[in-house]
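Student: Curious how this folds, go ahead:
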Amino acid sequence: MEDFPNKAKYNELSVEIKYPMSGFSRELVGIRSMIDFFHKELEFWKNSRGKNTQLITQFVNHFQQCWDQLTAFERSNRESDEGAFSGNWGKVSNKIKAPHVDGNHFLQSESLIGEFIFALFDENPAHGRSAYDFIINQNLDFSNRDRATGYIKAYEFLLEGGSQITKRQDSEVKAIERIRTNMGQLEVDLQAEFDDNILKYNEWREGFTGELEEWKTSLVDKIETWHTERDEQFETFFKASNQKIDDLEKLYTEKLRLEGPVQYWTTRAKELKKAGRWWAGGLTASIIITAAIILVVLFIPPDYFSASIIKGDPLAIKGVILFGTLISFLAYLIKTFSKMTFSSFHLMRDAQEREGLTMVYLALLEKGAATKEERELILQAIFSRSETGLIKHGSGPSMPGLQGLLDRVNKS
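Tutor: Below is the predicted model of the structure:
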């Protein structure tokens, strides 16, 4: 029987069956023992030749109803709660404990009286019915021969005398033989069930052992694969971490090495920007002054320019020389301011480019995108000589533009 919630309750059920007229009293424990008991009684009385008589029909109907109610109770109460289970069992137990119906007492199949009545019904149903009435002491009537014959046989059976002694002994032998046969069949059934269970257990054990071995092998393979993958991943991670640490150390060293120059170029760019603005202010002032002088000479000429230089007036010659000298000085001053202004802004731009190029160099080092030759090229550009713009044709290496340098790095 498979497992279900009320299995234990089924096994704990008990009922006492009493059939006083056949001297039978037995306590049945467990729902299966009750079902088997009433099924055996039903099959016994159904095989009687008097099964069409009123008495045997009542026996058959009673045992059939008891068996039906027990099987129905077993099917429908496997998951019932306590209240429903107890209530349903109370109805069924009242039915199966009944010792008689309509005054007819039930006889147990393995009792001597049961065997005796069964045999008489097989010989003559009328004798069997009258013998039954005599035994239970009801409806006694000697008005016909069959009933009288049944009474006499029942009387002799009860007193164990006369010709019925042998039959009583035969009934006892039959009852014992039936018990022996049932016990033998029960032993055969139990042995067959035991062998079947052993076979099923061996099959289950073999299947489970095979599945367990497969699971063990699969688990070992997975663990070994996991260890191998973890070792490979750890080795890869360890190498990558060491390489990254080395790269960071190199980058940090380069950063420390270039931090001073970067700070210098930043400060230098600010100073050159400030100087450029001053030089630009001087250039603007020079231009304004020169323009003002020219305007004054043109619109408000001094006395020097009133004389005629053609006539050789010394005052005119003196004025021309003085004006030419002044204009030449102002032109030189404007040129000088212009060169200093553009030189300052040029050097400021140069310092900014060197600072930016240094940042690019550090970024390339961090990403590992620069080879040794490229790093040397970038360092050469960073620390090359600066062109001031004051000398028209200067010699020596000069720093290329930032975009040009990046193009060269990309090409290489």
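
Student: Which residue is the nearest non-sequential neighbour of residue 105?
Tutor: Once flanking residues are discounted, residue 105 sits nearest to residue 21: 4.0 Å by CB to CB, 6 or more residues apart in numbering. For glycine as for every other residue, the C-beta is placed from the backbone atoms N, C-alpha and C.

Student: can you give me the strands in the stretch 251-400 of the chain?
Tutor: Counting by DSSP state E, counting those that start in this stretch, no segments of the stretch 251-400 of the chain form strands.

Student: in it, which ranges drop under the pLDDT threshold?
Tutor: For the stretch 251-400 of the chain, the stretches with pLDDT under 70 are 251-259, 301-317, 319, 365-372, 374-400.

Student: That one: helices as residue ranges?
Tutor: For the stretch 251-400 of the chain, the helices defined by DSSP state H, counting those that start in this stretch occupy 314-367, 372-382.

Student: Any chance of those helices in JSON lines with distance to residue 154 and mean neighbour count as columns?
Tutor: Output for the helices of the stretch 251-400 of the chain, formatted as JSON lines (distance: least, CB to CB, whole Å; neighbours: other CB atoms under 10 Å):
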{"stretch": "helix 314-367", "distance to residue 154": "118", "mean neighbour count": "16"}
{"stretch": "helix 372-382", "distance to residue 154": "128", "mean neighbour count": "15"}
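
Student: Please identify which of the ones you listed is closest to residue 158.
Tutor: helix 314-367 (117.7 Å; CB to CB).

Student: name the helices or strands packed onto the closest one?
Tutor: Here helix 314-367 touches helix 164-299, helix 372-382, helix 402-411, going by 3 or more CB pairs under 8 Å, 6 or more residues apart in numbering; DSSP states H and E.

Student: and residue 156, how many residues sit next to it?
Tutor: Residues lying near residue 156 (other CB atoms under 10 Å) number 17.

Student: From residue 120, how far off is it?
Tutor: Between residue 156 and residue 120 the distance, using CB to CB, to the nearest Å, works out to 12 Å.

Student: try residue 155
Tutor: 13 Å.

Student: Between these two, which is the more surrounded one?
Tutor: Legend: neighbour count by other CB under 10 Å for residue 155 and residue 120, higher for residue 120 (25 against 15).

Student: Rebuild the helices and strands packed on helix 314-367 as a markdown table, extending it with distance to residue 344.
Tutor: A markdown table is the format used below for the helices and strands packed on helix 314-367 (distance: least, CB to CB, whole Å):
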| stretch | distance to residue 344 |
| --- | --- |
| helix 164-299 | 3 |
| helix 372-382 | 21 |
| helix 402-411 | 20 |
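
Student: tell me the most buried of these?
Tutor: Comparing the helices and strands packed on helix 314-367 by mean neighbour count (mean count of other CB atoms under 10 Å), helix 372-382 ranks first with a mean of 15.

Student: circling back to that earlier point, with residue 340 as the reference, name the closest of the helices and strands packed on helix 314-367.
Tutor: Residue 340 lies closest to helix 164-299 among the helices and strands packed on helix 314-367, at 4.2 Å (CB to CB).

Student: The closest one packs against which elements?
Tutor: If contacts are counted by 3+ CB pairs under 8 Å, 6+ apart, helix 164-299 sits against helix 112-123, helix 145-159, helix 314-367.

Student: what's the spacing between it and its chain's center?
Tutor: 14 Å (CA atoms, centre = their mean, to the nearest Å).

Student: That helix vs helix 314-367, what angle?
Tutor: Interaxial angle, helix 164-299 versus helix 314-367 (axes from the mean of the first three to the mean of the last three CA atoms, to 10 degrees): 170 degrees.

Student: how big is the angle separating helix 164-299 from helix 145-159?
Tutor: Angle, helix 164-299 to helix 145-159, by the same axes, to 10 degrees: 80 degrees.
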